[in-house]
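*Asks:* Okay, here's the prediction I keep looking at, along with the sequence it came from:
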Amino acid sequence: MDNAPKKVFVKTYGCQMNVYDSERMRDVLGPLGYAETAVPEDADLVILNTCHIREKAAEKVYSELGKIRRMKNDRAGKGAEMLIAVAGCVAQAEGEEIVRRSPAVDLVFGPQTYHRLPQLLAQRRASGKAVIETEFPAEDKFEGLNVSTVPRKSVAAFLTVQEGCDKFCSFCVVPYTRGAEFSRPVEQVLEEARRMASQGVKEVTLLGQNVNAYHGVDERGRSAGLAGLVAELSRIDGIERLRYTTSHPRDMTDDLIAAHAENTKLMPYLHLPVQSGSDTILKAMNRGHTAEFYLRLIRRIKSVKPDMALSGDFIVGFPGETEDDFESTLCLVREVGYASAYSFKYSSRPGTPAAESQMQVPEEVKSRRLQELQALIHSQQTSFNAAMVGRTLPVLLEKAGRDTGQLVGRSPYLQPVHLQAASALIGTIVDTHISGVGTNSLSGHYVRAAKHGESIP
């Protein structure tokens, strides 16, 4: 094996799960002598970890590949090699098409096979030909991963506990790119969380396409749901905060709702996408629930956790959406009252049922509806943030801010908080009196160190 120092550049697109996957790719490349670089021109290996959710995702990847090909040619002119890899969901969806359109690409592999990167690199070097690996392997990709022992740059970290989706929403490619729902064994998750805690991580966000569908097997062979996993994680010394994303309304169980009231380490923030407030559109989306089911669920959650900050996802202009359907979405948003939300215009994904619909909504209509929805969501977010002024919140300080002596942290409700404090306090939770509101953040001043398990005023 060539142990000469090498450099890898990883560009990550899309969701937090891709961020986690990119970290694991760096971990498996470490023993091969690869160190991370922030300069792609200097890299021996460039990896694009792609996402297929956003509009024209594949075309953006091909555009980026054109730039990297020129870097590869420049390095070749200097007698240096650069390998190009396309990973993630676009790789899974496009497969051989990527190499056909971009012959400079050396590796194409999906999100289920990045643990095999060392073997794929060896295969590429031995054959001299592009390697394409987009099968869903039988083995557990998490089983052989060596989680980095290098101290983390942040006191907050992502931890994937569940992957894949069995819901088959008619607009979504995830079941085709990430595969069927799979939950990591409980002890495997706990072991990684303990490692994170030993590296100084204080807040862990559990990730999954349908994270609240988690059903991992414990050491005694029993199935544990997300509430049980959260309970086990909360017992780990050093882990002070727990979050999870993304959830599906159909998997929001009674014990998970109760956990939000009973477990002080589980933060009062919930991302629970609904996509539309119209039953007609929800049925066309194959969401498997109605608007009223979602609203009843929100009422139950708020009954046990009145201060819960709610977030959601919305798609406007889904095929067949009428003005009445859109108004139903606005009504649902008004009733729920979101602390934040993500909203998008519908864009077709090849291979999904909705892409074949003959009832596509005109682009100008989608744009108008999106603007109206985003204005409503923005007003709710502004009101939610303004309600924090005058309160004292426990803030986990994460890093230095832009201004001298400034630190940035997160409130329990996931809001960025800016305050003046000593850098030695990074990694601690401090009570912060909130005195100001920015566009998407809060500001305040340090009061004192927070006490573990203390209720939020």
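*Replies:* That came in fine, so what should we check first?
*Asks:* helices and strands around the host helix or strand of residue 344, which ones?
*Replies:* Secondary structure from DSSP states H and E places residue 344 in strand 340-345. Contacts defined by 3 or more CB pairs under 8 Å, 6 or more residues apart in numbering; DSSP states H and E place strand 340-345 against strand 309-316, helix 363-386. Glycine gets a C-beta too; all of them are placed from N, C-alpha and C.
*Asks:* Tell me the buried residues in the longest one?
*Replies:* By neighbour count, and taking 16 or more other CB atoms under 10 Å as the criterion, the buried residues in helix 363-386 are 366, 369, 370, 373, 374, 376, 377, 380, 381, 384, 385.
*Asks:* How about stretch 305-321?
*Replies:* Those would be 305, 308-312, 314-321, for stretch 305-321 by 16+ other CB under 10 Å.
*Asks:* any chance of these in a markdown table, with pLDDT and distance to residue 75 too?
*Replies:* A markdown table is the format used below for the buried residues of stretch 305-321 (pLDDT from 0 to 100; distance: CB to CB, whole Å):
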| residue | pLDDT | distance to residue 75 |
| --- | --- | --- |
| 305 | 97 | 54 |
| 308 | 97 | 52 |
| 309 | 98 | 48 |
| 310 | 98 | 49 |
| 311 | 97 | 43 |
| 312 | 97 | 45 |
| 314 | 98 | 44 |
| 315 | 97 | 42 |
| 316 | 98 | 44 |
| 317 | 97 | 44 |
| 318 | 97 | 45 |
| 319 | 97 | 46 |
| 320 | 97 | 50 |
| 321 | 98 | 49 |
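*Asks:* tell me which of those is nearest to residue 282?
*Replies:* Among the buried residues of stretch 305-321, residue 318 lies closest to residue 282 (CB to CB), at 9.5 Å.
*Asks:* now for the lowest-mean-pLDDT helix or strand in the chain, which elements pack on it?
*Replies:* Using mean pLDDT, DSSP states H and E, helix 174-177 stands out as the lowest-scoring helix or strand of the chain, at a mean of 82. Under the contact criterion of 3+ CB pairs under 8 Å, 6+ apart, helix 174-177 touches helix 88-94.
*Asks:* Return the mean pLDDT over the next helix or strand after the helix it packs on, rounded to an integer.
*Replies:* Toward the C-terminus, helix 88-94 is succeeded by helix 96-101 as the next helix or strand (DSSP H and E). Mean pLDDT, helix 96-101: 93.
*Asks:* Now do the buried residues in helix 96-101.
*Replies:* Buried, per 16+ other CB under 10 Å, within helix 96-101: 98, 99.
*Asks:* what comes up buried for the least confident helix or strand of the chain?
*Replies:* 174, 175, 176, 177.
*Asks:* Run through who's touching it.
*Replies:* 52-53, 89, 92-93, 110-111, 164-168, 209, 351 (CB atoms under 8 Å, 6 or more residues apart in numbering).
*Asks:* and the end-to-end length of stretch 271-287?
*Replies:* Using CA to CA, to the nearest Å, the end-to-end distance of stretch 271-287 comes out at 16 Å.
*Asks:* Go through it and flag the buried ones.
*Replies:* Those would be 271-282, 284-285, 287, for stretch 271-287 by 16+ other CB under 10 Å.
*Asks:* Narrow the residues you listed to those in helices?
*Replies:* 279, 280, 281, 282, 284 (DSSP state H).
*Asks:* now, which of these sits nearest residue 220?
*Replies:* residue 282 (39.0 Å).
*Asks:* out of everything not next to it in sequence, what's closest to the closest one?
*Replies:* In space, residue 282 comes closest to residue 276 once its chain neighbours are excluded; the distance is 5.4 Å by CB to CB, 6 or more residues apart in numbering.
*Asks:* check contacts around that neighbour.
*Replies:* 282, 285, 287, 291, 314, 315, 318, 321, 325, 328, 329.
*Asks:* how close does it get to residue 9?
*Replies:* 39 Å (CB to CB, to the nearest Å).
*Asks:* before we move on, the earlier item: which element follows the least confident helix or strand of the chain toward the C-terminus?
*Replies:* strand 182-183.
*Asks:* What lies in contact with that following strand?
*Replies:* Contacts for strand 182-183 (CB under 8 Å, 6+ apart): 140, 161, 162, 163, 164, 208, 213, 214, 215, 216, 217.
*Asks:* Output those residues in a markdown table; the columns should cover secondary structure and distance to residue 85.
*Replies:* Converted to a markdown table, those look like this (DSSP: H, G, I helix; E, B strand; the rest coil; distance: CB to CB, whole Å):
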| residue | secondary structure | distance to residue 85 |
| --- | --- | --- |
| 140 | coil | 22 |
| 161 | coil | 26 |
| 162 | strand | 25 |
| 163 | strand | 20 |
| 164 | coil | 22 |
| 208 | coil | 25 |
| 213 | helix | 30 |
| 214 | coil | 30 |
| 215 | strand | 32 |
| 216 | strand | 30 |
| 217 | strand | 33 |
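*Asks:* Would you list the buried entries among the residues you listed?
*Replies:* 161, 162, 163, 164, 208, 213, 214, 216.
*Asks:* Check these and tell me the two furthest apart.
*Replies:* Going by CB to CB, the pair spanning the buried ones among the contacts of strand 182-183 furthest: 164 and 216, at 13.3 Å.
*Asks:* how about the strands in the stretch 151-300 of the chain?
*Replies:* Per DSSP state E, counting those that start in this stretch, the stretch 151-300 of the chain carries strands over the ranges 156-160, 162-163, 182-183, 203-207, 215-217, 223-225, 241-245, 269-271.
*Asks:* Quick check: mean pLDDT of the third one?
*Replies:* Right, strand 182-183. 92.
*Asks:* Quick one: distance of it to the chain centre.
*Replies:* In this view, strand 182-183 has its centroid 16 Å away from the chain centroid, taken as CA atoms, centre = their mean, to the nearest Å.
*Asks:* low-scoring stretches of the stretch 151-300 of the chain, by residue?
*Replies:* 151-153 (pLDDT under 70).
*Asks:* let's go with 90 and repeat that
*Replies:* Scanning the stretch 151-300 of the chain for pLDDT under 90 picks out 151-154, 163-164, 172-180, 219.
*Asks:* my guess is residue 5 contacts residue 36, does it?
*Replies:* No: counting by CB atoms under 8 Å, residue 5 stays clear of residue 36, with 11.9 Å between them.
*Asks:* More neighbours: the two, which one.
*Replies:* residue 36 (14 against 8; other CB atoms under 10 Å).
*Asks:* quick one, what contacts the more buried one?
*Replies:* 7, 8, 9, 10, 26.
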